[in-house]
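In: Model the structure of this input:
(one chain, ligands or ions: 1)
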Amino acid sequence: MNATQPRLIERSVPGKVTIEWADGSTSVFTAADLRKVCPCAGCVSEATGVRTHDPATVPDDLEQSNLSLIGNYAISMQFSDGHSTGIFTFEALRRLADSGSLH
Ligand SMILES: [Zn+2]
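Out: Below you'll find the predicted structure:
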């Protein structure tokens with residue numbers, strides 16, 4: 001059993017992504033939660049690892065659409081602010097959920 005593997009990804013609510021993990025636990029991410037930690041090169045400097053996108057600019061009512069699987073290790077989605085280049089690995093999502101810093 002791999003705790004970083006999803007059993008179910010629920011994305012029918014525009015403001016949320018809910019992941020049911022293989023270990024039976026469930027994590028609810030708001031679209032804003034995910035946008036704030038977007039790891040793409042447009043949001044985090046590849047050279048320094050420093051976040052260049054200000055999470056404070058993300059509205060709480062941000063929405064997601066077009067969520068798609070990338071291989072069996074990540075998801076990507078379109079955010080309602082027009083951003084769509086982030087790749088969110090299941091490992092990073094699980095770490096985010098377990099960190100207790102959501103919402
Ligand atoms: Zn990004």
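
In: In this protein, where is pLDDT below threshold?
Out: Applying pLDDT under 70 to the chain flags residues 1, 103.

In: which ones are touching the spatially most central residue of it?
Out: The chain has Leu34 as the residue nearest its centroid, 3.6 Å off, counting by C-alpha atoms, centre = their mean. Neighbouring residues of Leu34 by C-beta atoms under 8 Å, 6 or more residues apart in numbering: Val17, Gln64, Met77, Phe79, Gly86, Phe88. Where you see a C-beta, it was placed from the backbone N, CA and C, and this is true even at glycine.

In: Give me the distance between the residue lying closest to Lys36 once chain neighbours are set aside and the ion.
Out: Of all residues not flanking Lys36 in the chain, Pro55 sits nearest, at 3.9 Å (C-beta to C-beta, 6 or more residues apart in numbering). Note on Pro55: its distance to the ion, by C-beta to the ion, to the nearest Å, is 11 Å.

In: among the contacts of Leu34, which are within reach of the ion?
Out: Gly86 (C-beta under 5 Å from the ion).

In: Any of the contacts of Leu34 buried? List them.
Out: Among these, the ones that count as buried by 16 or more other C-beta atoms under 10 Å are Val17, Gln64, Met77, Phe79, Gly86, Phe88.

In: still on that earlier bit, make CSV from the contacts of Leu34 and add secondary structure to it.
Out: Listed next are the contacts of Leu34 as CSV, based on DSSP: H, G, I helix; E, B strand; the rest coil:
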residue, secondary structure
Val17, strand
Gln64, strand
Met77, strand
Phe79, strand
Gly86, coil
Phe88, strand
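
In: No more questions from me, cheers.
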